[in-house]
Structures are given as structure tokens and as C-alpha cells.
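# Show me how the following folds:
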Amino acid sequence: MRSRAWEIPRIWRKFFLTIAGVVALAVLVVVSVLPAPRVWAQAPEAQSAPQAADRPVFDVVTIKRNKSGPS
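Presented below is the predicted three-dimensional model:
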């Protein structure tokens with residue numbers, strides 16, 4: 001017969017597993033609350049508004065209903 005003196009009793013195993021689960025959930029909550037770093041598609045200095053000469057110029061704008069197809 002083997003000695004079971006070295007085994008952790010069930011209540012302590014459950015306790016440690018519960019603590020591990022709570023810590024894992026706490027880490028997920030903390031990570032999800034932290035703000036995400038800003039990711040730039042272009043360099044920040046390149047995101048300035050286009051100059052007036054770069055913008056297209058329209059003389060007349062017309063908005064009409066699309067009558068093609070079922071509606």
C-alpha cells in the first residue's frame with residue numbers, strides 16, 4: 001500500500017484551481033480594459049488635410065432617386 005501523505009487534499013486542490021481561475025479572469029478583464037495603442041496607417045504628419053488646390057471642384061451637384069430595379 002502506498003502512502004498518500006504527499007498528495008494534496010481535495011479541498012486544497014479545489015481552492016488552488018479556483019484561485020487560478022479567478023486570476024485568469026482578472027487578467028482578461030484588466031487586459032481588455034487597457035487602452036489599445038494607436039495604429040497609424042500613415043505617418044501622423046502625412047495625415048494633414050489636403051490643400052484647397054488638391055481638392056476636386058464641382059460647379060453643380062444633383063441628387064436624384066435611383067429608379068432602376070425593384071424598390
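# For the protein, give me the ranges with low pLDDT.
For the chain, applying pLDDT under 70 flags the ranges 1-8, 40-53, 71.
# so which helix or strand takes in I11?
Under the criterion DSSP states H and E, the helix or strand holding I11 is helix 10-33.
# That helix packs against which elements?
The helices and strands touching helix 10-33, judged by 3 or more C-beta pairs under 8 Å, 6 or more residues apart in numbering; DSSP states H and E, number zero. Backbone N, C-alpha and C define where each C-beta goes, glycine included.
# Which positions in that helix come out as buried?
By 16 or more other C-beta atoms under 10 Å, helix 10-33 has no buried positions at all.
# Just the CA trace of that helix, in CSV.
What follows is helix 10-33, C-alpha atoms only, in CSV (Å, rounded to 0.1, in the frame of the first residue of the first chain):
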residue,chain,number,x,y,z
ARG,A,10,-9.0,17.6,-2.5
ILE,A,11,-10.2,20.8,-0.7
TRP,A,12,-6.8,22.4,-1.3
ARG,A,13,-6.8,21.3,-5.0
LYS,A,14,-10.2,22.9,-5.5
PHE,A,15,-9.0,26.0,-3.7
PHE,A,16,-5.9,26.4,-5.9
LEU,A,17,-7.9,25.7,-9.1
THR,A,18,-10.5,28.3,-8.0
ILE,A,19,-7.8,30.9,-7.3
ALA,A,20,-6.2,30.1,-10.7
GLY,A,21,-9.5,30.6,-12.5
VAL,A,22,-10.2,33.9,-10.7
VAL,A,23,-6.7,35.2,-11.5
ALA,A,24,-7.1,34.2,-15.2
LEU,A,25,-10.4,36.1,-15.4
ALA,A,26,-8.9,39.1,-13.6
VAL,A,27,-6.0,39.2,-16.1
LEU,A,28,-8.5,39.0,-19.0
VAL,A,29,-10.6,41.9,-17.6
VAL,A,30,-7.5,44.1,-16.9
VAL,A,31,-6.1,43.5,-20.4
SER,A,32,-9.5,44.2,-22.1
VAL,A,33,-9.8,47.5,-20.1
